[in-house]
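Peer 1: how would this look folded up:
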Amino acid sequence: MIQALIFDLDGVIIDSEPIHFSIEQQMFKDLKIKLSPEEHSIYVGMSSENMWEDIIPKYGLPFCSQELVQKKHWHYLQYLSRAKNLRPIEGIPFLVRAAYKNGFKLLVASSSPHEIIEIVLRKFKLAEYFSASVSGTELPQSKPHPGIFLKAAKLANTEPANCLVIEDAENGVKAAKAAGMKCVGFSNPNSGIQNLKGADLIIHSITELNTERIKEF
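Peer 2: Have a look, this model is predicted:
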């Protein structure tokens, strides 16, 4: 029986992938490297540090990953703090409140830093419903490694088999299944080309998911 819902942040709670893509594409341009949209989409759901650790040697960049991670982090924080009309993905506020009311434990497991997770949840007035969050930046390996979800299960004091993950990225789906959890793949058109076939259920809108459907897992 599902006891805990674990939400990815980017692409599930906030439609941020276009923002990340825009910031990263500008950084690629400044660094004088070219990544096709297809190549760029491979990194969706992966922490910035892991992305840059892959890109730096591939393109011979004269930087360490932390320098570029911090620069990207600064740009994204600037965007979040200045954005006036930022809205959660359709269906998220209703699902979060309904799940909380029905006694599910709610957690966020994201590759983003804790600072970003907290800003987004506060901005959308959802922070009070989540009992904990896990950031991929505090773990040695990023999604598709299952570590981030296994840590979330421990924080929820719940067995992995009793957790349901909501993910929009192939790496996230792989991580959830490797952790022994159920997984809903949210096919977000703004998250690039993602193979979600490993998920137990694929949805095209968060509004397709409700507490009754969750209880069926």
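Peer 1: if I look at the residue nearest to residue 186 when sequence neighbours are not counted, how far off is residue 67?
Peer 2: Nearest residue to residue 186 in three dimensions, chain neighbours excluded: residue 168, at 4.6 Å (Cβ to Cβ, 6 or more residues apart in numbering). Quick note: C-beta positions are derived from backbone N, CA and C, even for glycine. Distance, residue 168 to residue 67, using Cβ to Cβ, to the nearest Å: 28 Å.
Peer 1: same question, residue 58
Peer 2: Residue 58 is 16 Å from residue 67, by Cβ to Cβ.
Peer 1: cool, residue 184 as well?
Peer 2: 36 Å.
Peer 1: look at the two and report which has more neighbours.
Peer 2: Set residue 184 next to residue 67 and count neighbours by other Cβ atoms under 10 Å: residue 184 wins out with 26 against 13.
Peer 1: give me the pLDDT value at that one.
Peer 2: Model confidence at residue 184, given as pLDDT, is 98.
Peer 1: who touches it in this structure?
Peer 2: For residue 184, the contact set (Cβ atoms under 8 Å, 6 or more residues apart in numbering) comprises 164, 165, 166, 167, 199, 200, 201, 202, 203, 209.
Peer 1: switch the cut-off to 6 Å
Peer 2: Going by Cβ atoms under 6 Å, 6 or more residues apart in numbering, residue 184 touches 166, 201.
Peer 1: residue 153 now?
Peer 2: Contacts of residue 153 by Cβ under 6 Å, 6+ apart are 160, 163.
Peer 1: buried residues, the helix or strand harbouring it. List them.
Peer 2: Secondary structure assignment for residue 153, by DSSP states H and E: helix 147-155. For helix 147-155, burial by neighbour count (16 or more other Cβ atoms under 10 Å) applies to 147, 148, 149, 150, 151, 152, 153, 155.
Peer 1: quick check, nearest of the residues you listed to residue 47?
Peer 2: residue 148 (9.2 Å; Cβ to Cβ).
Peer 1: where are the low-confidence patches of the chain?
Peer 2: 45 (pLDDT under 70).
Peer 1: please redo it, this time with the cut-off set to 50
Peer 2: The chain contains no residues with pLDDT under 50.
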